[in-house]
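Asks: turn this into a structure:
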Amino acid sequence: MAFIAALSVESFSAVAQTVAATGANSSFAGTWNGKRDDGAGLDLRIDEDGGKVSGSALLYFQVGGPLPLLAPHVEGKTLTFEIQHHKCTQCDELGPNARFLMELTGPNEASLWMMDDKGNRSGREVKLARRTDSPAWQDPSKHEVQFIIVEYNVRLEVLDWGGAGRSVVLLAGSGNTAHIFDDFAPKLAAFCHVYGITRRGYGESSHPDAGYMEQRLAEDVLQVIDSLKLVKPVLVGHSAGGEELTRLGDEHSDHLGGLVYLDAAFDPADFPASSPEYMGLYHNLPAAMRDHPGPSASDRKSFEAYREWQERSGGVAFPKSELRNMYATNVDGSMGEYKASTPFIHNAIGEGALKRDYSKIRVPVLAFFGMSCSTHPQGNYACIEHPSHKAEYEPKNAEERAAKEAFDSATAAYVNRWKKNLQNAPGGVRIIDLPGANHYVFLSNEADVLREVRAFLPR
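Replies: Numbers count the residues shown, from 1 in each chain. Below you'll find the predicted structure:
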């Protein structure tokens, strides 16, 4: 069968197996992880309650979400179950359910085989390990976490905050994971059903070597929408999330209900940071208006201390869960190095971005404009703060005033071009200006964003 061929590189006759002592832990309950010979991942989540076994399997070579374990049966240290034949990237045709046998071989170790039509083990053994980590810190956000396979061996983290009504899907900007919305999303869920996607290359999603072109990233989002069976969801994208929004709006407006750009409607082909003239004006600004000192060692002594530094320096702080997804935790509890992604992935996404063309977007658009963004030297998105966001600073002389006015004028020219281009969308466009907003407008201007999105959804 094609399905069996897809699960194992080669098959051989069943052979006798010697089971190692399993120790005190003879339960199958828990989350198990393993890999096939070809490197494709496999996750099993098993629950045991009063002798009844249930669970799900996520097979990285099958497109879609977790599949329920069918007809699970425990006998001693073996568990047999079936999985419904599903869309598979290496399968030619559908067939009967795939049958598996799992055998405990240690306290937190097990082996997995496929079973042939006669109930014998078939194919190579897959080693499984039970997750035993129990992190001291738990994410307090009230969301469910699942993973969906969007391409062979590529899984995306999907958060579900619940809610009723129209489905809304949140897409983070470059450098962030979906947990950046952990504080905002529960409030949004008061009037819609909210999901969030961590794009490939970030956080707990897979970090493959390829697939960072705008087209592929948009297809990832579409695959999640299809797997969740969402009907005309509204996509909400922050910053670089405007890439996926625009591509899906151009090509799949019939799948969508609307698009919301959270300071995400800039044009990669008309970007301030790529203009030497614009950056020259930026560097002519007074040092107090453009210098943004990084956090000190004391600001990184804990995640809470870092959040306090964020509030002092930018007016908003990321959710604690996002910081822990973005940065490593040192042994002493201090905040470590950035871990969510790599400069290679960030650069690949930037290089794969396309010129914005909104002329084929047939669904309504809501766009918030805050400050203009440039690329951070370390490979994360950061923002050039418009001088109006430094209201406490007053030019000290005519030279500083002239530098500020020149920069203001150049920034306005970019933003006005972006707005004019956006208004080519035939589905209708509503633009909201938020003077003084942080680039993370859903954090700095949460009430404004919630109000406008709530009014937008009925459209």
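Asks: for the rest of this, base every contact and every neighbour count on C-alpha atoms.
Replies: OK.
Asks: can you give me the helices for the stretch 251-400 of the chain?
Replies: 276-283, 287-290, 303-314, 320-326, 343-351, 398-422 (DSSP state H, counting those that start in this stretch).
Asks: pLDDT of the first one, averaged?
Replies: Helix 276-283 shows a mean pLDDT of 92.
Asks: contacts for it?
Replies: 272-273, 290, 403, 406-407, 410 (CA atoms under 8 Å, 6 or more residues apart in numbering).
Asks: point out where the stretch 301-450 of the chain drops to low pLDDT.
Replies: 371-393 (pLDDT under 70).
Asks: does residue 203 touch residue 324 like I think?
Replies: No - contact criterion CA atoms under 8 Å: residue 203 and residue 324 do not qualify, at 9.7 Å.
Asks: more neighbours, the two?
Replies: More crowded of residue 203 and residue 324, by other CA atoms under 10 Å: residue 203, with 24 against 20.
Asks: which non-adjacent residue is nearest that one?
Replies: Closest residue to residue 203 apart from its sequence neighbours, by CA to CA, 6 or more residues apart in numbering: residue 340 at 4.6 Å.
Asks: what is the neighbour count of the one you found?
Replies: Residue 340 has 21 nearby residues by other CA under 10 Å.
Asks: may I have stretch 331-348 exported as PDB, CA atoms only?
Replies: Extracted in PDB, the C-alpha atoms of stretch 331-348 (Å, rounded to 0.1, in the frame of the first residue of the first chain):
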ATOM      1  CA  VAL A 331      19.800  29.000  34.700                       C
ATOM      2  CA  ASP A 332      19.500  31.900  37.100                       C
ATOM      3  CA  GLY A 333      16.200  32.900  35.700                       C
ATOM      4  CA  SER A 334      17.600  35.900  33.700                       C
ATOM      5  CA  MET A 335      16.700  36.400  30.100                       C
ATOM      6  CA  GLY A 336      19.000  34.800  27.600                       C
ATOM      7  CA  GLU A 337      19.700  35.200  23.900                       C
ATOM      8  CA  TYR A 338      17.100  35.500  21.200                       C
ATOM      9  CA  LYS A 339      16.000  32.000  20.200                       C
ATOM     10  CA  ALA A 340      12.800  32.300  18.200                       C
ATOM     11  CA  SER A 341      14.400  32.300  14.800                       C
ATOM     12  CA  THR A 342      17.700  33.100  12.900                       C
ATOM     13  CA  PRO A 343      19.000  36.000  10.800                       C
ATOM     14  CA  PHE A 344      19.000  33.600   7.800                       C
ATOM     15  CA  ILE A 345      15.200  33.100   8.100                       C
ATOM     16  CA  HIS A 346      14.500  36.700   8.700                       C
ATOM     17  CA  ASN A 347      16.600  37.700   5.600                       C
ATOM     18  CA  ALA A 348      15.000  35.000   3.500                       C
END
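Asks: where along the stretch 251-400 of the chain do the strands fall?
Replies: Applying DSSP state E, counting those that start in this stretch to the stretch 251-400 of the chain gives strands spanning 258-262, 327-329, 335-338, 365-369, 372-375, 381-384.
Asks: just the pLDDT for residue 165.
Replies: 94.
Asks: excluding covalently adjacent residues, which one is nearest to it?
Replies: Closest residue to residue 165 apart from its sequence neighbours, by CA to CA, 6+ apart: residue 192 at 4.6 Å.
Asks: for that neighbour, give me its contacts.
Replies: 163-168.
Asks: now, which of the residues you listed lie within strands?
Replies: 167-168 (DSSP state E).
Asks: mind putting the contacts of residue 192 into a markdown table with distance to residue 331 and neighbour count?
Replies: Below are these laid out as a markdown table (distance: CA to CA, whole Å; neighbours: other CA atoms under 10 Å):
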| residue | distance to residue 331 | neighbour count |
| --- | --- | --- |
| 163 | 37 | 19 |
| 164 | 41 | 11 |
| 165 | 44 | 13 |
| 166 | 43 | 19 |
| 167 | 40 | 24 |
| 168 | 38 | 26 |
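Asks: which one of the contacts of residue 192 is nearest residue 174?
Replies: Nearest to residue 174 among the contacts of residue 192: residue 168, at 19.5 Å, using CA to CA.
Asks: does the closest one touch residue 191 like I think?
Replies: No - with contact defined as CA under 8 Å, residue 168 and residue 191 do not form a contacting pair (10.0 Å).
Asks: number of residues surrounding residue 333?
Replies: Residue 333 has 12 neighbouring residues, counting by other CA under 10 Å.
Asks: next one: residue 181
Replies: 24.
Asks: how close does it get to residue 356?
Replies: 25 Å (CA to CA, to the nearest Å).
Asks: do the same with residue 212
Replies: With distances taken as CA to CA, residue 212 is found 17 Å from residue 356.
Asks: equivalent analysis for residue 35, please.
Replies: In terms of CA to CA, residue 35 sits 40 Å off from residue 356.
Asks: quick one, which of the two is more surrounded?
Replies: A count of neighbours by other CA under 10 Å puts residue 356 above the other of residue 35 and residue 356, at 20 against 17.
Asks: now do the same contact list for the more buried one.
Replies: Contacts of residue 356 (CA under 8 Å, 6+ apart): 246, 267-269, 421.
Asks: look up phi and psi at it.
Replies: phi -80, psi 130 (degrees, to the nearest 10).
Asks: what of the one 5 residues further on?
Replies: Geometry field for residue 361 lists phi and psi as phi -80, psi 110, criterion degrees, to the nearest 10.
Asks: quick check: it touching residue 250?
Replies: Yes - assessed by CA under 8 Å, residue 361 is found in contact with residue 250 at 5.0 Å.
Asks: looking at these two, which one has more neighbours?
Replies: Taking neighbours as other CA under 10 Å, residue 361 and residue 250 compare with residue 361 leading, 27 against 19.
Asks: any stretches of the stretch 101-250 of the chain with poor pLDDT?
Replies: In the stretch 101-250 of the chain, residues with pLDDT under 70: 134-135.
Asks: in it, which spans are strands?
Replies: In the stretch 101-250 of the chain, the strands defined using DSSP E, counting those that start in this stretch lie at 109-115, 121-130, 144-151, 154-162, 167-171, 193-198, 234-238.
Asks: now distance to residue 433 too, for those, in a markdown table please.
Replies: What follows is those, written out as a markdown table (distance: least, CA to CA, whole Å):
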| stretch | distance to residue 433 |
| --- | --- |
| strand 109-115 | 56 |
| strand 121-130 | 50 |
| strand 144-151 | 33 |
| strand 154-162 | 28 |
| strand 167-171 | 20 |
| strand 193-198 | 24 |
| strand 234-238 | 15 |
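Asks: of all those, which one is nearest residue 429?
Replies: strand 234-238 (14.1 Å).
Asks: one step back: which one of the contacts of residue 356 is nearest residue 175?
Replies: residue 268 (16.5 Å).
Asks: which ones are touching the nearest residue to that closest one once chain neighbours are set aside?
Replies: Leaving out its chain neighbours, the residue that sits closest to residue 268 by CA to CA, 6+ apart is residue 355, at 5.9 Å. Going by CA under 8 Å, 6+ apart, residue 355 touches 267-270.
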